[in-house]
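A.B. asks: I need the structure of the sequence given here:
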Amino acid sequence: MIELRLLEQLVAFAEHGTLSVAAEKIHASQPTLTRSMKQLEEQLGVTLFVRSKNHLYLNETGLKAAEYAKYVLEADRDFEAKVRAYDRSLHTISIGYCAPVPQMVLTPIINNLFSGMTISSDMTEDSSFEEKLKEGIYQLAVLHYKPEDEAFFCMKCGSEQLYISLPSGNPLAFYPEVHLKDLDGLSILLLSRIGFWSGIHRAKTPNSKYLLQVEESSFAELAGNSKYPIFSSSYFVERGETLCMPPQKPHVHGDRTARARTQNRSFQHSIQRVLC
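C.D. replies: Model (predicted):
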């Protein structure tokens with residue numbers, strides 16, 4: 001059985017071209033690397049190098065061997081990663097969330113269902129979620145759309161509408177309904193991590209200035225003491241919570257309708273219906 005370290009050294013030599021540079025890159029001495037290459041030739045029973053008084057280089061067989069060695073090393077890394085991922089999956093459930101509210105609502109439910117297991121989660125834009133499910137990176141994912149791939153088992157877990165609070169003096173406050181594109185050009189207060197919703201906002205309002213806040217406490221303070229429009233989720237609005245108090249405020253795919261309601265803020269804000 002050929003040791004992987006010999007293949008790693010062969011690849012290093014093929015990539016760097018000289019014993020001195022290859023030895024430096026793999027943190028070995030030149031004599032050690034020379035002995036390793038001779039040992040590899042002996043184990044394979046073939047000559048891999050052309051040797052002259054002041055030069056050493058790979059022959060045709062050596063070049064092909066280095067190419068195959070790369071495949072073997074990549075397969076070894078893939079093997080290790082997959083075995084570790086499988087073992088981790090026996091003790092850990094990794095979940096991708098497309099928006100904050102599903103994460104907030106489902107995490108305690110999943111914790112109760114799988115007590116004793118570690119729950120690992122990401123909350124981000126969901127364009128890569130299907131691929132991560134296939135690769136075993138995620139065991140569960142919450143998306144804002146229904147996957148077309150029939151290999152996935154999927155079911156609707158909820159719906160959510162987006163609300164927006166506008167200053168009463170804003171002309172849009174008098175509209176019977178407002179589209180997201182009507183907000184284009186406004187300065188809008190927004191949390192930085194809102195999952196897939198961020199892309200929809202920016203696509204519909206390319207000229208708006210988003211005052212992004214990383215810290216929820218900073219967002220809440222600004223939301224409660226400014227006239228900036230802010231978005232919130234129907235999840236919070238229907239519970240009578242103020243727009244400035246809840247954490248990140250996403251939109252979960254439903255009928256893609258967004259509405260607004262006056263909340264308990266320091267400035268009077270108006271109710272508007274907003275359509276995407």
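A.B. asks: residue 228: neighbouring residues, count only.
C.D. replies: Under the neighbour criterion other C-beta atoms under 10 Å, residue 228 is assigned a count of 18. For glycine as for every other residue, the C-beta is placed from the backbone atoms N, C-alpha and C.
A.B. asks: residues contacting it?
C.D. replies: 187-189, 211, 222 (C-beta atoms under 8 Å, 6 or more residues apart in numbering).
A.B. asks: can these go into JSON lines with extra columns for secondary structure, pLDDT and neighbour count?
C.D. replies: Shown next, in JSON lines, are the contacts of residue 228 (DSSP: H, G, I helix; E, B strand; the rest coil; pLDDT from 0 to 100; neighbours: other C-beta atoms under 10 Å):
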{"residue": "187", "secondary structure": "strand", "pLDDT": "91", "neighbour count": "13"}
{"residue": "188", "secondary structure": "strand", "pLDDT": "91", "neighbour count": "19"}
{"residue": "189", "secondary structure": "strand", "pLDDT": "90", "neighbour count": "20"}
{"residue": "211", "secondary structure": "strand", "pLDDT": "92", "neighbour count": "14"}
{"residue": "222", "secondary structure": "helix", "pLDDT": "88", "neighbour count": "15"}
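A.B. asks: for residue 45, state which of the residues you listed is nearest.
C.D. replies: Using C-beta to C-beta, residue 211 comes nearest to residue 45 of those, at 69.4 Å.
A.B. asks: ok, the closest residue to that closest one other than its chain neighbours - contacts?
C.D. replies: If you skip the residues right next to it in sequence, residue 211 has residue 189 as its closest partner in space, 4.9 Å away by C-beta to C-beta, 6 or more residues apart in numbering. If you count contacts by C-beta under 8 Å, 6+ apart, residue 189 has them with 211, 213, 219, 222-223, 226, 228-230.
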